[in-house]
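Novice: pasting the structure only:
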């Protein structure tokens with residue numbers, strides 16, 4: 001076989017593998033992917049990414065094109081987030097994605113907190129955030145040795161500013177607010193929290209990884225960005241509503257001193273001086289180049305037009321759900337994230353369970369995301385829900401999507417929520433229902449299989465997810481996490 005034939009065979013195999021993925025274009029996957037509905041942007045991004053493919057983001061002095069593209073991306077985000085005034089003095093970095101931006105925001109705040117008082121060098125600060133803050137901040141707290149201090153939210157997913165402010169004390173290195181919170185779509189009370197943090201000398205980070213490049217053009221929102229004086233940093237993902245390929249994000253700081261605290265630098269080894277603004281050393285320049293090309297192509301006006309499509313589609317979905325008996329939108333979403341929950345005000349026979357709904361919608365060709373219920377420390381439980389991420393192309397898919405939601409609701413209406421009673425009883429008999437005992441890999445896999453979970457030959461999860469979500473929600477947290485780790489590990493295990 002010639003090299004060209006072998007290459008063609010490999011690419012054909014890859015295309016065949018891709019046919020099993022959730023659709024990334026056309027508006028049928030309402031989570032994980034952000035489709036502007038403009039094929040020319042895909043082509044532009046691919047061409048830009050290929051031009052930058054050989055480059056190494058480790059050293060922009062060796063590859064000054066990377067520095068030039070990053071300057072433009074930071075400037076674009078800074079303008080969008082109202083950080084381009086003399087008073088704001090905003091600078092920042094391009095990162096590999098939202099999680100890295102969040103990790104760096106926490107690391108920076110922790111380092112500045114410790115630097116402010118030598119007595120804090122061996123102390124462990126707190127990280128305060130609503131329970132709806134992205135899980136990346138829990139990862140950051142574990143990685144950088146902070147105490148995670150989640151503040152309970154209201155049942156509609158909103159958080160009271162006074163509840164967050166009450167937690168602010170000298171041992172707090174950072175308070176986080178979201179724009180918006182991914183689980184519910186709620187815009188956290190940035191203004192009062194940032195003001196209170198500033199008065200106490202505490203860093204305040206706005207996690208706009210999800211909304212940072214769509215909320216600037218969303219109508220009717222309170223100020224949440226660098227217009228708010230107490231906001232010290234903001235993260236915004238270019239691979240979400242910036243419509244770039246994964247993974248590229250920006251982390252912006254108010255002031256050079258804060259930004260420089262983000263860096264790692266050392267000359268304490270015999271090799272080249274190492275200076276990293278991010279957690280990664282070597283990193284691909286392809287996502288940066290693609291993001292640069294797309295922002296250059298769209299500009300603020302292009303993003304405003306795409307956001308208008310999201311606004312119209314979101315309003316249409318909310319209006320349609322209002323006409324579906326037994327189902328409601330959680331709270332008042334401020335942006336393109338919607339959570340659907342059961343309408344508990346109607347009789348059980350008329351209620352629509354969101355996880356059964358999500359399973360049935362998948363059967364009809366659309367993917368929406370299961371979100372388990374969440375018991376909070378104050379006893380208030382956030383209801384289990386189905387999440388929808390609305391993108392510009394959703395507007396084009398609205399007739400089919402709304403028909404699928406309505407038909408799915410009619411199919412599952414009155415169906416009781418999945419109840420893993422037998423699985424929970426078996427787990428208790430094995431000693432996993434209480435205490436700190438956690439199943440190892442083999443035991444976790446046996447439990448998952450007993451619960452009906454299967455991984456097919458292609459790494460997929462056939463069947464319905466509602467029973468698994470119900471099981472995970474009712475298990476002790478360490479046990480649920482062990483099962484979910486095992487599930488994801490088995491998906492890609494040879």
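Specialist: Structure received. This structure is a prediction, so every number in the text was calculated from the model and none was measured.
Novice: Can you classify residue 442 by secondary structure?
Specialist: Look at residue 442: counting by DSSP: H, G, I helix; E, B strand; the rest coil, its state is helix.
Novice: tell me the pLDDT at it?
Specialist: We have a pLDDT of 88 for residue 442.
Novice: measure it to residue 158 for me?
Specialist: Counting by CB to CB, to the nearest Å, the gap from residue 442 to residue 158 is 43 Å. The way it works is simple: take the backbone N, C-alpha and C, and place the C-beta from them, glycine included.
Novice: For the least confident helix or strand in the chain by mean pLDDT, name the packing helices and strands.
Specialist: Lowest by mean pLDDT, DSSP states H and E among the helices and strands of the chain is helix 421-429, with a mean of 75. If you count contacts as 3 or more CB pairs under 8 Å, 6 or more residues apart in numbering; DSSP states H and E, helix 421-429 packs onto helix 441-450, helix 466-474.
Novice: Show me the helices in the stretch 1-150 of the chain, by range?
Specialist: Remark: helices assigned in the stretch 1-150 of the chain by DSSP state H, counting those that start in this stretch are 3-18, 39-52, 64-80, 98-115, 136-144.
Novice: before we move on, what about the stretch 151-300 of the chain?
Specialist: Under DSSP H, counting those that start in this stretch, the stretch 151-300 of the chain gives helices at 161-166, 190-199, 256-260, 286-322.
Novice: Nearest approach to residue 14 belongs to which of those?
Specialist: helix 286-322 (17.2 Å; CB to CB).
Novice: on contacts alone, who are the packing partners of that closest one?
Specialist: Using 3+ CB pairs under 8 Å, 6+ apart, helix 286-322 is in contact with helix 39-52, helix 64-80, strand 327-329, strand 337-342, helix 394-412.
Novice: rerun that using 6 Å as the cut-off
Specialist: For helix 286-322, the packing partners by 3 or more CB pairs under 6 Å, 6 or more residues apart in numbering; DSSP states H and E come out as helix 39-52, helix 64-80, strand 327-329, helix 394-412.
Novice: and the closest residue to residue 212 other than its chain neighbours, what does it touch?
Specialist: Using CB to CB, 6 or more residues apart in numbering and skipping residues adjacent in sequence, the residue nearest residue 212 is residue 236, 2.5 Å away. Applying CB atoms under 6 Å, 6 or more residues apart in numbering, one finds that residue 236 lies in contact with 77, 208, 212, 213, 250.
Novice: Kindly state the beta-bridge partners for residue 236.
Specialist: Residues in a beta bridge with residue 236, per DSSP bridges, are residue 250.
Novice: For it, give its distance to residue 333.
Specialist: Residue 236 is 18 Å from residue 333, by CB to CB.
Novice: And for residue 36?
Specialist: Applying CB to CB to residue 36 and residue 333 gives a distance of 20 Å.
Novice: Kindly give the local confidence score, pLDDT, for the residue nearest to residue 353 when sequence neighbours are not counted.
Specialist: Spatially, and ignoring its direct neighbours in sequence, residue 353 is nearest to residue 417 (5.0 Å; CB to CB, 6+ apart). What the model reports for residue 417 is a pLDDT of 91.
Novice: Neighbours of residue 417, how many?
Specialist: A total of 17 residues lie near residue 417 under the criterion other CB atoms under 10 Å.
Novice: go on, residue 328?
Specialist: Using other CB under 10 Å, residue 328 has 20 other residues around it.
Novice: pLDDT score assigned to it?
Specialist: Looking at residue 328, its pLDDT stands at 98.
Novice: who wins for proximity to residue 404 among the helices of the stretch 151-300 of the chain?
Specialist: helix 286-322 (10.7 Å).
Novice: before we move on, the earlier item: show me which of the contacts of residue 236 is closest to residue 349.
Specialist: residue 208 (41.6 Å).
Novice: wait, isn't that closest one in contact with residue 231?
Specialist: No. Judged on CB atoms under 6 Å, residue 208 makes no contact with residue 231 at a distance of 10.0 Å.
Novice: Just the buried residues of stretch 264-284, please?
Specialist: 276, 277, 278, 279, 283, 284 (16 or more other CB atoms under 10 Å).
Novice: which among those gets closest to residue 103?
Specialist: residue 279 (6.3 Å).
Novice: And the closest residue to the closest one other than its chain neighbours, how close does it get to residue 400?
Specialist: Closest residue to residue 279 apart from its sequence neighbours, by CB to CB, 6+ apart: residue 100 at 5.6 Å. Distance of residue 100 to residue 400, given as CB to CB: 36 Å.
Novice: how much space between residue 23 and residue 30?
Specialist: Distance of residue 23 to residue 30, computed by CB to CB: 11 Å.
Novice: Look at those two and report which has more neighbours.
Specialist: Each of residue 23 and residue 30 has its neighbours counted (other CB under 10 Å); residue 30 has more, 25 against 13.
Novice: so how far is residue 259 from the residue nearest to the more buried one when sequence neighbours are not counted?
Specialist: Spatial nearest neighbour of residue 30, chain neighbours left out: residue 388 (4.4 Å); criterion: CB to CB, 6+ apart. Counting by CB to CB, the gap from residue 388 to residue 259 is 35 Å.
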